[in-house]
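Asks: Could you work out the structure for the sequence below:
(one chain, ligands or ions: 2)
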Amino acid sequence: MTTTRPAIENVMREERIFPPPPEFAARAHIKSMEEYKRLYQESIEQPEAFWARMAEELHWFERWQQVLKWEEPHAQWFLGGKINACYNCVDRHADGPNAEKVAFRWEGEPGDRRDLTYRQLKTEVSRFANVLKSLGLQRGDRVAIYMPLVPELAIAMLACARLGLTHTVIFGGFSADAIRERVNDAKARAVITADGGWRRGQIVPLKANVDTALADGACPTVEKVVVYRRCENAIAWQEGRDIWWHEAVASVSDDCPAVPLDSEHPLYILYTSGSTGKPKGVLHTTAGYLLGVTITTKYVFDLHPEDIYWCTADVGWVTGHSYVVYGPLANAATVVMYEGAPQHPDFGRWWSIVERHRVTILYTAPTAIRTFIRQGEQWPAKYDLSSLRLLGTVGEPINPEAWMWYHRVIGGGRCPVVDTWWQTETGMIMITPLPGAIPQKPGSATLPFFGVSPKVVNREGQPLGPNEGGFLVIDRPWPAMLRTLYGDDERYRQQYWSQIPHVYFTGDGARYDEDGYFWLMGRIDDVVNVSGHRLGTAEIESTLVSHPAVAEAAVIGRPDEVTGEALVAFVTVKSGFTKSDALRKELAEYVAERIGRFARPQEIRFADALPKTRSGKIMRRLLRKVATNDPELGDTTTLEDFSVLARLHEEEE
Ligand code: ATP
Ligand code: MG
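Replies: Ligands and ions are numbered 1, 2, ... in the order given. Below you'll find the predicted structure:
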């Protein structure tokens, strides 16, 4: 029994429920709730037997001797095994029945296109691996990759994996400062980049950014820079350091066997999005990670051989690592890849890609969905989206109204929506519907994936009851979990294993309902305390977004003498609505009616856009500073567009 209020109060009511369509369930890998429950139970009661059976889906050079060695907070999976992620993603398809199957169906922003079969992918990867070898790079060395979204980005990653080099991909939208910081933190010996990449009809000067990052010996570990030619724009050249990709691959053989590696060999380092502070260098290793992403791709996206699969994430984020490259390729999928911006040449671009390539599975982020909502239904309405059979979302809580729009307008009311909760650190999807088995409720990530044991607890680590908001933790290791923060094991312990003893601390607030469904309530850092009510921002934002005029909303707390904190809501309106005092009042009342007077925003500010990370997440920590006129902004290297902040400041005046 709880006498005090829960850590985060539950204010959202959502009654709608969408069972899997019978036709979908009939041919799904997991066909019913009973089947899900049976497998889930097995995965929790006999985790080692379960994961060992799943691991049979991978190719091993040598079988493991021990499934799990757990010395909190360090896990080792499949000890004694020898495996190669690249071999699993490429060779076993290229040397088998899928050789002529398309691995990447790529489209450049200007409209150029390329299909790469698994056989061709193996040739390209082998050649580039030979180039890396010729540079003297050795197993365990780190290689930074800063490229546009072209197949060569995946080829570079896979070539690293083939040799046991540890890649660290830096999103192509990052500036020189962000590159320098990451390259130095990872102590990369080489950087792989391109002359440029296309974005909104402009060339992103990737090579020039690398030059700036490396200038004046600022990155002393870097010996070589390999440059892929994409835009043929003029670039500076440093003899002895810089190498053209196309020249280097021309003079090497296409035979380069994949190296058998220990299960725990470091596969990659990836820096988190930086929504809450300085990015963390998350380290993932080979076997457990590969297994986690392989089986989540298969079951969460219900992947079948004929699917045309499109995850719109940039490969610079974990979603791109797990669900553009490693997961889908390990399953021999055909993966659509699009280089550019969704509004180029107009907001119909994505839907024209779906139509032309007959995309069947689409996986994207709430920020993209809200952008399309704001632009209006006329864009998707122009295209034939009937090939779609499954939709997915990741990155932030999806507001129920955005879920409904996605389901109705993009999915034609017929496609299940998988709202997948996970993190850079978790490596794989953790809480999600299985689309043929688990009924969906808009705004809920629903139930845990096999082998995943999430709990909602209070500060003391005690489990909470249904609908009591608290801290989301994971109370047992899973194969794709991060192994440490690169070069900073102490921070790894502090950040994830010390806040509440003996569990992995996600940093997110959540509750589960009477059906055991998980509802993400926002980040713990963003919980607002108004007159003793601790409120998750996600739920108040979702209420605002359910108003017909609102496209996006971000809610933060500002110190207040009377109530402790007062709510300030930043709101963008849909095209066709006007920002007015009347609308301001209406929105405040709207929240008060649906949640309660205590949740009535003290101030509503209209904005043209909200500050977001380059991965599209709302940066509430910056909005807090705007609302309190704090000039100290903290780490802003991951902020996408500085002008947004400047405009927010102006709008106060
Ligand atoms: P940083 O850790 O540097 O602050 P970040 O947490 O944004 O950045 P990611 O690992 O990219 O970096 O994002 C993971 C977070 O995204 C989760 O902890 C959660 O807050 C949010 N998230 C992802 N998917 C969902 C989802 N389906 N529902 C709700 N929240 C989600
Ligand atoms: Mg995080």
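Asks: interface residues of the stretch 401-550 of the chain facing ligand 1?
Replies: Counting by CB under 6 Å from any ligand atom, the stretch 401-550 of the chain comes close to ligand 1 at D419, T420, W421, W422, Q423, T424, A445, T506, G507, D508, L520, R523. Bear in mind the C-beta positions are built from the backbone N, C-alpha and C, glycine included.
Asks: Of the residues you listed, which is the nearest to M481?
Replies: Q423 (10.0 Å; CB to CB).
Asks: Number of residues surrounding the closest one?
Replies: The number of residues packed near Q423 is 19, by other CB atoms under 10 Å.
Asks: what's the answer for S453, then?
Replies: 18.
Asks: Could you number the chain from 39 rather than 1 from now on?
Replies: Yep, numbering from 39; the last one is S491 now.
Asks: just checking, G634 touches V49?
Replies: Yes - contact criterion CB atoms under 8 Å: G634 and V49 qualify, at 7.2 Å.
Asks: For those two, indicate the residue with more neighbours.
Replies: Neighbour count, other CB under 10 Å: between G634 and V49, V49 has more, with 20 against 14.
Asks: so what's the more buried one up against?
Replies: L573, G574, E577, I578, T581, I633, G634, A637 (CB atoms under 8 Å, 6 or more residues apart in numbering).
Asks: Pick the one among those residues closest to ligand 1.
Replies: G574 (10.6 Å; CB to the nearest ligand atom).
Asks: pull the longest helix from this protein.
Replies: helix 156-172 (DSSP state H).
Asks: Only the buried residues of it, if you could.
Replies: For helix 156-172, a neighbour-count test (16 or more other CB atoms under 10 Å) marks 156-171 as buried.
Asks: Those residues of the stretch 189-338 of the chain touching ligand 1, which are they?
Replies: Counting by CB under 6 Å from any ligand atom, the stretch 189-338 of the chain sits next to ligand 1 at T310, S311, G312, S313, T314, G315, P317, K318.
Asks: What about the first one, how many residues nearby?
Replies: Spelled out, it's T310. Neighbours of T310 using other CB under 10 Å come to 22.
Asks: tell me what the helix or strand where F509 lies is packed against?
Replies: When elements are assigned from DSSP states H and E, F509 belongs to strand 508-512. When contacts are defined as 3 or more CB pairs under 8 Å, 6 or more residues apart in numbering; DSSP states H and E, strand 508-512 packs onto strand 492-495, strand 542-550.
Asks: give the contact list for E498.
Replies: I538.
Asks: Please apply the same query to A604.
Replies: V568, G595, R596, P597, D598, Q640, E641.
Asks: Just give the nearest non-adjacent residue to L299, would you?
Replies: Nearest residue to L299, sequence neighbours excluded (CB to CB, 6 or more residues apart in numbering): G202, at 5.0 Å.
Asks: wait, doesn't Y542 sit right on V511?
Replies: Yes - with contacts counted by CB under 8 Å, Y542 reaches V511, the gap being 6.1 Å.
Asks: burial count for the closest residue to ligand 1 within the stretch 589-691 of the chain?
Replies: Among the residues of the stretch 589-691 of the chain, K655 lies nearest to ligand 1; the distance is 5.0 Å by CB to the nearest ligand atom. For K655, the count of nearby residues is 22 (other CB under 10 Å).
Asks: same deal with V320?
Replies: 23.
Asks: Mind telling me what element it is part of?
Replies: strand 319-323.
Asks: give the contact list for E162.
Replies: By CB under 8 Å, 6+ apart, the neighbours of E162 are L154, P189, E190, I193, V287.
Asks: could you redo those residues as CSV and give each row secondary structure?
Replies: As requested, these are exported to CSV (DSSP: H, G, I helix; E, B strand; the rest coil):
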residue, secondary structure
L154, strand
P189, helix
E190, helix
I193, helix
V287, helix
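Asks: Of those residues, which is the most crowded?
Replies: I193 (27 neighbours).
Asks: How confident is the prediction for it, by pLDDT?
Replies: Here the pLDDT value assigned to I193 is 99.
Asks: S164 is in contact with that one, correct?
Replies: No - the pair I193 / S164 is not scored as a contact, 9.8 Å apart, by CB under 8 Å.
Asks: would E590 count as being in a strand?
Replies: Yes - counting by three-state DSSP, E590 is part of a strand.
Asks: Name the SS class of the closest residue to it other than its chain neighbours, please.
Replies: Distances taken as CB to CB, 6+ apart place T610 nearest to E590, at 4.6 Å, with adjacent residues excluded. Three-state call for T610 (three-state DSSP): strand.
Asks: From ligand 1, how far out is L423?
Replies: L423 sits 22 Å away from ligand 1, going by CB to the nearest ligand atom, to the nearest Å.
Asks: Contacts for stretch 240-258 next, please.
Replies: For stretch 240-258, with CB under 8 Å, 6+ apart as the criterion, the contacting residues are 184-186, 210-215, 217-218, 221-222, 226, 229, 231-236, 260, 263, 265, 269, 271, 273-274, 276.
Asks: cutoff 6 Å now
Replies: 214, 217-218, 221-222, 229, 231-235, 260, 265, 269, 271, 273-274 (CB atoms under 6 Å, 6 or more residues apart in numbering).
Asks: Of these, which belong to helices?
Replies: A214, I217, R218, V221, N222.
Asks: Would you agree the fourth one is in contact with A182?
Replies: Yes - the criterion here is CB atoms under 6 Å, and V221 meets it with A182 at 5.0 Å.
Asks: So the residue of the stretch 539-688 of the chain found nearest ligand 1 versus Q240, what's the distance?
Replies: Closest residue of the stretch 539-688 of the chain to ligand 1, CB to the nearest ligand atom: L558 (3.6 Å). Distance of L558 to Q240, given as CB to CB, to the nearest Å: 35 Å.
Asks: more neighbours, these two?
Replies: L558 (23 against 14).
Asks: The more buried one: which element?
Replies: strand 556-561.
Asks: what's that strand packed up against?
Replies: strand 542-550, helix 575-583 (3 or more CB pairs under 6 Å, 6 or more residues apart in numbering; DSSP states H and E).
Asks: any idea of the angle the last one forms with strand 556-561?
Replies: Compare the direction of helix 575-583 with that of strand 556-561 by axes from the mean of the first three to the mean of the last three CA atoms, to 10 degrees and you get 100 degrees.
Asks: for the residue nearest to C269 when sequence neighbours are not counted, what are its contacts?
Replies: Spatial nearest neighbour of C269, excluding adjacent residues (CB to CB, 6+ apart): G234 at 3.6 Å. For G234, the contact set (CB under 6 Å, 6+ apart) comprises I241, V242, P243, L244, R268, C269, N271.
Asks: cool, and R561?
Replies: Residues near R561 by CB under 6 Å, 6+ apart: D546.
Asks: which residues does it bridge with?
Replies: Here R561 sits in beta bridges with D546, as judged by DSSP bridges.
Asks: From V374, how far off is it?
Replies: R561 is 31 Å from V374, where distance means CB to CB.
Asks: Kindly report the same for H284.
Replies: For H284 relative to V374 (CB to CB), the value is 25 Å.
Asks: who's more crowded, these two?
Replies: V374 (26 against 10).
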